[in-house]
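Could you work out the structure for the sequence below:
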Amino acid sequence: MAKRYFGTDGIRGRVGTAPMRVDFALRLASAAARVLAPNGGKVLIGKDTRVSGYMFESALEAGFVAAGVDVFLTGPLPTPAIAFLTSKLGADFGIVISASHNPYYDNGIKFFDASGEKLSDALEESIERYLEQEPLTCDSSSLGQAITLTSARTDYMRFCRRTIPADMDFEGLKIVVDASHGAAYKVAPRLIADLGAEVIPVGCSPNGRNINDGCGSTRPDFVKLTVTGVRAHVGIALDGDGDRAVMVDERGQLVDGDRLLYILARDRHEAKALQGPVIGTVMSNLGLELALRDLGIEFQRAKVGDRHVLALLKESGGILGGETSGHVICLDKTTTGDGLITALQILAIMRRTGRSLSALAEGMAQMPQTLLNVRIAAPVDVGSNESIRSAVAVAESKLGARGRVVLRSSGTEPVIRVMVEGDDQNLVKALAAELADSVRAAVEPALI
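Residues are numbered from 1 along each chain as shown. Prediction:
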């Protein structure tokens, strides 16, 4: 069965446009209750700071209570916090209302199973089968109830703290923390300050409409300027729902997810604690693969999306994987990508080794890479379009063995992503522009 609503990471779209409307959220709650808690049970619901989150929270709450499911509400908390708390609470499943790194006018609904992991395709397909049915309403004796979980924030902060040595602190470090005006705006600066660091918070004043606006992991320029401006040791930039992190070194240079993954892998390898291969994606920088190869560490690529990285980690027995965007999974610490835990692991390595972030990252040389987005109005199969395939073949022949071309449809936005990577930066940029033009030419007939 082809899924109609669930994408790479739950259901996502522009608020007010199908499916991100209140009536859909109500039906989704009822459908999810039928599949995930058919005899009643518990669901944990968290959200980021978007103004529309309150609306969807109320609709989901009503749908679950009407279906006989008890609802535990956390308020704004990072996505990985809901994954952790779902398991800790013994809930049947968890929900996060968030569109991650997207602008405030988008929103989404994503699920975790009882163990704090993303739902399988089979469960998502089962939920979709019930979406066209009328929402359930039990009789009054069987209705669920809604409960505010007041300990959620502190429980999650304690969990994150336990991922680094108990006797470690960050006393003497000056750290810029950018929470993207999103879900981690309270927990991230508070936890790092509790660990003794001097924290300079930015992107920690949400108003419902400024999430991801010129800040966070997708817009790290302000963190770069702030780190150098206040002479901080390091900067941390999270995304709107807190499952991604990129960092900035003391010189104001970006350290993306690929380089963070390299630092973590090398550290665990040296401690003889690394298990299995390191997992990246088809978009991971070739420099990561080459640097790990030099250390004797196996590297494998999954399809884009943290669920695909996680699936390959489990299949291969690995514990470390991630994406360039900063979505890093440390299975020896938690069950899903967690930006705050990723940052804590890097800070712990800095503290233990006494080395700066720039020194830790210098072992990996990044290949020049250009990523362009071609907006589309209708789906285009880039793999079967003859003109696009021909353009890709030409580009690959020009790049040779030390270059790559990746074209893929985004799972979260209506765009085709065109990525070109190689030794020659000017050639990479030129080939990316040519391929983007080829995709646009193929898309135009679909727009008419």
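
contacts and neighbour counts: CA atoms only from here.
Will do.

Could you confirm residue 273 falls within a strand?
No. Under DSSP: H, G, I helix; E, B strand; the rest coil, residue 273 falls outside any strand and is assigned coil.

can you offset everything so residue one is 798?
Fine by me, first position is 798 from now on; the one you just mentioned is residue 1070.

As CSV, could you dump the C-alpha coordinates of the helix or strand hosting residue 1234?
Here residue 1234, judged by DSSP states H and E, is contained in helix 1222-1244. The C-alpha coordinates for helix 1222-1244 follow below in CSV (Å, rounded to 0.1, in the frame of the first residue of the first chain):
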residue,chain,number,x,y,z
GLN,A,1222,34.9,23.6,-6.2
ASN,A,1223,34.4,25.6,-9.4
LEU,A,1224,33.5,22.5,-11.4
VAL,A,1225,31.2,21.3,-8.6
LYS,A,1226,29.3,24.6,-8.6
ALA,A,1227,29.0,24.7,-12.4
LEU,A,1228,27.8,21.1,-12.7
ALA,A,1229,25.3,21.6,-9.9
ALA,A,1230,23.8,24.6,-11.7
GLU,A,1231,23.6,22.7,-15.0
LEU,A,1232,21.9,19.7,-13.4
ALA,A,1233,19.4,22.1,-11.6
ASP,A,1234,18.6,23.6,-15.0
SER,A,1235,18.0,20.1,-16.4
VAL,A,1236,15.6,19.3,-13.6
ARG,A,1237,13.7,22.6,-14.1
ALA,A,1238,13.3,21.8,-17.8
ALA,A,1239,11.8,18.4,-16.9
VAL,A,1240,9.6,19.9,-14.2
GLU,A,1241,8.1,22.7,-16.4
PRO,A,1242,5.7,20.4,-18.3
ALA,A,1243,4.3,19.2,-15.0
LEU,A,1244,3.6,22.8,-14.0
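
domains of this structure?
808-950, 969-1052, 1053-1138, 1166-1244 (automatic domain parsing).

Backbone dihedrals for residue 818, please?
Here is the backbone geometry of residue 818 (degrees, to the nearest 10): phi -130, psi 160.

Can you tell me the closest non-neighbouring residue to it?
Nearest-residue entry for residue 818: residue 812, 6.4 Å, with adjacent residues in sequence omitted and distances by Cα to Cα, 6 or more residues apart in numbering.

So the one you found versus residue 901, what's the distance?
9 Å (Cα to Cα, to the nearest Å).

Could you pull out the strands in the stretch 1098-1245 of the chain for me?
1117-1119, 1125-1127, 1166-1172, 1201-1206, 1212-1218 (DSSP state E, counting those that start in this stretch).

cool, the stretch 798-947 of the chain as well?
808-811, 838-844, 866-873, 890-894, 903-910, 943-945.

So which residues make contact with whichever helix or strand comes after the shortest one?
Next in sequence after strand 943-945, counting helices and strands by DSSP H and E, comes helix 949-958. Under the criterion Cα atoms under 8 Å, 6 or more residues apart in numbering, residues 871, 874, 878, 881-882, 984, 988, 1137-1138 lie in contact with helix 949-958.

Restrict helix 949-958 to CA atoms and write it as CSV.
In CSV, the C-alpha atoms belonging to helix 949-958 read as follows (Å, rounded to 0.1, in the frame of the first residue of the first chain):
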residue,chain,number,x,y,z
ALA,A,949,8.6,16.0,31.9
ARG,A,950,11.2,18.8,31.5
THR,A,951,13.3,17.8,34.6
ASP,A,952,13.0,14.1,33.7
TYR,A,953,14.4,14.7,30.3
MET,A,954,17.2,17.0,31.5
ARG,A,955,18.3,14.3,34.0
PHE,A,956,18.3,11.7,31.2
CYS,A,957,20.5,13.9,29.1
ARG,A,958,22.9,14.6,32.0
